[in-house]
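predicted model and sequence below, questions to follow.
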Amino acid sequence: MVGVDTATQTSAGVAGSIIADRPQVAISNVILSAGLAQGGGNGAGGGMGAGGALFVNQSADVTLSNVSFANNNAKGGNATINTFRGGGGLGGSSGGSGAGGIFGSGSSGAGGGIFGGSAGAGGGGYSGAGGSGANGTAGLLSIAGLNGAGGAGFGGGTTGGANGGGGGGIGNAGGGGGFGGASSSGSTGGAGGFGGGGGTGLNGGGGGGFGGGGGGFSGPGGAGGFGGGGGGGGGAGGFGGGGGGGGGAGGFGGGGGGGGAGGAGGFGGGDGASGGNGGGGGMGGAVFVVKGGSLTINGNGSTSGGSVAGGTGSNGGGAGSALGTGFFVQGSTLTFGGSGSYTVSDAIADQNGSGGSAASDGLGGTGGSSAITKSGIGTLSFSGANTYTGATTINAGTLRGAAANTFSATSATTINTGGTLDLGLLGQTINIVSLSGGTLANGALTGAVTSSGGTLNSLGGGMTLTANSGATNVTGTNTFTGATTVNGGLLSVNGTSTASAVTVNAGGTLGGNGTVGNTTINGGTLAPGNSIGTLTVQGNLVLTAASSYMVEVSPSAADRTNVTGVATFGGATVKASFAAGAYVAKQYTILNATGGIGTSTFGSIVNTNLPGGFASSLSYDANNAYLNLVLSFVPPPGTGLNNNQRNIADPIVNFFNSNGGIPLAFGGLTPAGLTQISGETATGSQQTTFNAMNQFMGLLTDPFIDGRGDGVSAGSSAGASAYASPDMPRSGAARDAHAMFTKAVVMADPFAQRWSVWAAGYGGAQTTDGNTTLGSNNTTSRIAGTAVGADYRISPNTLAGFALAGGGTTFSTVNGGSGRSDMFQAGAFIRHNAGAAYLSGALAYGWQDITTNRTVTVAGIDQLRAQFNANAFSGRVEGGYRFVSPWMGGIGITPYVAGQFTTFDLPAYAEQAVTGVNTFALAYASKSVTDTRSELGLRSDKSYAMADGIFTLRGRLAWAHDFNPGRNIGATFQTLPGASFVVGGAAQASDSALVTASVEKKWLNGWSAAATFEGEFSDVTTSYAGKGVVRYSW
């Protein structure tokens, strides 16, 4: 920080309080007020007043933090009518032929230096006062803020100090400054040093250095240094200095000198005239930034109350300009940053070309447009009438207009991501606005807005909007009347913008949930909604053939456009994109036009992610366009749906068509999926129960069990346990030990053995093949049980008994699931022998606690389970006649015929989801199914006497016929009420072969044991069963 002035900052010779000329300058927490930058006068062309509070030189980089400016002023110097004097300096006046330096006044004896005195004083040191009028010596080193050595009016040394330059003497050349060179007597004066003085009045004037005065009167005029006025002999003014008398050109901001031909004023300075001088310019009431310098303002603060005034011209010379009540930025960048709030109530101006007729800015160029950059998250407010022409860039935070038309209309404004341009609910004019990720909001704008992404909110005026790329979001209530054009990217209107006609060209997309005006889709895309939503066109809608209408479809809704006027589709393409979900509707309204659609139609429909099993189509009425879905389970080419699959598919399709919607998972079913959801597993409990009851009935009525085949009346079949002769002992053990195997008439037996008890274990497995046409799958069942029973001989020829059993079953279906049950069985039988013939009958009951499990993987993994109780009832009647063949010592042959039924009562029950969801859970209807079977076959037996009892071999071969071999069940999808179907399980063969092989050993002590193998075989069934029986008779 340099040039600190502790004065009141109100005197004409002081311009503000701070001159910044160092590479890095930081100022914080201060209010700079009542500063005055006064251009030099009392000479030829008036000098420039620049920067009432702060002057930023070309080499300075200044950062302000929490700094405010208040009531600062910059005034250009007034010109006089004297055309022989030197020009006024930058803030310094001219005296006689010596030009004024920066804030220093020249005299007739010597040019003034920086803060130099008058009355013949030499140039002072930088910030120091001018020297006294005594004879000068060589300039001494001057320290900032201290007085510098000066030259007198009668002579001075020819050398100068490092900073302070010596003044020129009479008859002697002016002393060179620290940065200048010496000059010999009688010739052009030496260049003024940094703060050095000018030349003499009689000899050639020395060129003023930085802040130095110009040359003398009679000799060639020396050029004014930076801030110095031109010499009296027509020297050009330095930066900010007025032109010397005799037509010297004014420097930047300086007035032109008069005399002869008038000198041109620098930018902002008045032009000289013949016999008259131009006034100096007043620029930057608070701050002046020289080209090459930079200024950054952070934190909180304000700039207000500034003023600028141009100096008056003389005798026809032009007045100086007044520019930038707050800031004048000469071709540099002014940056506002930080997180605070800063308000600029004064105007910001810049140099763009020349304000006078002279192009030079005193530094070898014309300066240029200044740039304003807003960075940091804070807020910058403008309320002045800004005229700067460089770019405005908003990188972060908010730039807000606090007064109408406060923004510079000619400044191209860019709003980047994170930045906001807030028009302040006022009317603003900005010719070009580029939206690049930021926000433009709140006010009426005149100008052209182009967007590569960002947000526009609540805008009015005559602005136009062109979206070229990215996503542009329009929110709030917008009333701007200029055209909206979408050439690329997405324009998403989520507020209202009804006064602007919209055109969407190829590559562009219009979407959103808001309201737009008349809209033409000219090769672009109309995509209402943001995800699923509705766009309203307040007016007419026209689509061309090359356009697309894009709708997103969810399980329960679809994008839609509502048009208050007439909609014309023009053969455009509908692009439907289906989202994943759990439900899908049959018909969606995708466009409604209050004014009608006439005869127009879309050209075609293109689907993305259309769920499997569905086909789409379009339909129309007078005011609407519809997207329709049709559910159709179409098998792969070359295949077809089997009966089960068709039975399931039909009610699903009917439900969809009747109710207008369906869980989406049903639509994506493949033929294999239809099989998986069929619930065929439930049919497995039927055949498993029939098998279990068959095995129990066979155990209950088995004529092979010892004692049940005894016939003791006259003419009866003796069998393996009949007496051999009437003379043999009557005890059972003796009778069995001496058995004969031929038919004979025996004496009646008092049936000494009336009771027998038994226990048995039984079980088996069956596999039944599925049917391809039916669509059933292979089914396997397994049974295991334990039974106990007792037989009682009511009479010699009549036997009765009962049995109780407990066990369990399992069953499974390929690709279907499995089940199990806990089982209880009870039954009773009676048998009567009439000679060699017999007749038996039995009844049985079965109870089961059944659980089924199946896993559906169509849409996730769903484990479904059902639990229920079921009852079974069985009855059997069998009759036969035993005779003894003559072969192999006598084999018993018993032809028999039997009839049996089993009724299985299933309750109504429903599945529950154990894991996953219950989308495919079924509710099963109650069902009573009866399996009726007939048997026709032969039994055989052969007994052998052994030392400790009898050993018997038995066999059976029979034909069985089932009158109801089908296995099916009715079910309803719980999530599709009324969608009922019948699924068929693996059916039994109508005819099958039964085979049995048994071995029994009976001991003399009344105990017996038997083991039996049974098989059932058909073209679809393979069944193996076995049982073991232990009996005791007494």
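Perfect, thanks for sending it. Residues are numbered from 1 along each chain as shown.

each with direction, which strands does the helix or strand Thr466 falls within pair with?
Using DSSP states H and E, the element containing Thr466 is strand 464-467. In the sheet, strand 464-467 lines up against strand 439-451 (parallel), strand 484-486 (parallel) (DSSP bridges).

out of the ones you listed, deepest packed?
strand 484-486 (a mean of 24; mean count of other CB atoms under 10 Å). C-betas here are computed from N, CA, C, even on glycine.

residues in contact with that strand?
464-467, 491, 497, 500-505, 508-510, 516, 524 (CB atoms under 8 Å, 6 or more residues apart in numbering).

among those, which lie within strands?
Residues of these located in strands (DSSP state E): 464-467, 491, 497, 502-505, 508-510, 516.

pLDDT added to these, as JSON lines?
What follows is those, written out as JSON lines (pLDDT from 0 to 100):
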{"residue": "Thr464", "pLDDT": "98"}
{"residue": "Leu465", "pLDDT": "98"}
{"residue": "Thr466", "pLDDT": "98"}
{"residue": "Ala467", "pLDDT": "98"}
{"residue": "Leu491", "pLDDT": "98"}
{"residue": "Ser497", "pLDDT": "96"}
{"residue": "Val502", "pLDDT": "98"}
{"residue": "Thr503", "pLDDT": "98"}
{"residue": "Val504", "pLDDT": "99"}
{"residue": "Asn505", "pLDDT": "98"}
{"residue": "Gly508", "pLDDT": "98"}
{"residue": "Thr509", "pLDDT": "98"}
{"residue": "Leu510", "pLDDT": "98"}
{"residue": "Val516", "pLDDT": "98"}
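
looking at those, which is nearest Lys575?
Nearest to Lys575 out of these is Thr509 (CB to CB; 11.2 Å).

partner residues bridging the closest one?
Going by DSSP bridges, Thr509 forms beta bridges with Leu490, Thr525.

which residues touch it?
With CB under 8 Å, 6+ apart, Thr509 has these contacts: Val486, Gly489, Leu490, Leu491, Gly524, Thr525, Leu526, Ala527, Met550.

most neighbours of all the residues you listed, which one?
Leu491 (29 neighbours; other CB atoms under 10 Å).

ok, now which ones touch that one?
Ala467, Thr472, Val474, Thr484, Val502, Val504, Gly508, Thr509, Leu510, Gly511, Gly512.

cool, Val516 as well?
Val516 neighbours (CB under 8 Å, 6+ apart): Thr484, Val493, Ser497, Thr498, Ser500, Val502, Leu510, Leu535, Thr536, Val537, Gln538.

that one pairs with what?
Ser497, Val537.

from Thr472, how far out is it?
Relative to Thr472, Val516 is positioned 13 Å away (CB to CB, to the nearest Å).

so where is this structure shaky, pLDDT-wise?
For the chain, applying pLDDT under 70 flags the ranges 1-17, 43, 83-263, 265, 268-270, 274-275, 352-368, 634-639, 704-753.

domains of it?
1-94+229-368, 103-228, 688-1033 (automatic domain parsing).

doesn't Asn72 make contact with Gln38?
No: Gln38 lies out of contact with Asn72 (CB atoms under 8 Å); the separation is 11.9 Å.

just the CA atoms of stretch 391-411, as CSV, please.
The C-alpha coordinates for stretch 391-411 follow below in CSV (Å, rounded to 0.1, in the frame of the first residue of the first chain):
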residue,chain,number,x,y,z
ALA,A,391,-18.2,-9.6,-20.2
THR,A,392,-20.0,-10.3,-17.0
THR,A,393,-19.3,-13.8,-15.6
ILE,A,394,-21.2,-15.3,-12.7
ASN,A,395,-19.4,-18.3,-11.4
ALA,A,396,-20.9,-18.5,-8.0
GLY,A,397,-23.3,-16.7,-5.7
THR,A,398,-25.9,-14.2,-6.8
LEU,A,399,-25.6,-11.0,-8.9
ARG,A,400,-28.8,-9.1,-8.2
GLY,A,401,-30.3,-6.0,-9.8
ALA,A,402,-31.5,-3.6,-7.2
ALA,A,403,-32.7,-1.0,-9.7
ALA,A,404,-34.2,-1.2,-13.2
ASN,A,405,-31.8,-1.3,-16.1
THR,A,406,-28.8,-1.4,-13.7
PHE,A,407,-27.0,-4.0,-15.7
SER,A,408,-24.9,-3.0,-18.7
ALA,A,409,-26.9,-3.8,-21.8
THR,A,410,-23.8,-4.2,-23.9
SER,A,411,-22.1,-6.6,-21.5
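
still on that earlier bit, okay if I get the strands paired with strand 464-467 as TSV plus distance to Leu699?
Converted to TSV, these look like this (distance: least, CB to CB, whole Å):
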stretch	distance to Leu699
strand 439-451	89
strand 484-486	86
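
hmm, back to that, show me what the helix or strand that comes right after the strand holding Thr466 is packed against.
Where DSSP H and E defines the elements, the next helix or strand beyond strand 464-467 is strand 471-475. For strand 471-475, the helices and strands in contact under the criterion 3 or more CB pairs under 8 Å, 6 or more residues apart in numbering; DSSP states H and E are strand 454-460, strand 489-493.

give me the neighbour count for Gly1028.
Quick note: Gly1028 (other CB under 10 Å) scores 13 neighbours.

so what does the helix or strand containing it touch, helix or strand wise?
Assigned by DSSP H and E, Gly1028 belongs to strand 1021-1033. For strand 1021-1033, the packing partners by 3+ CB pairs under 8 Å, 6+ apart come out as helix 684-701, strand 755-768, strand 1007-1017.
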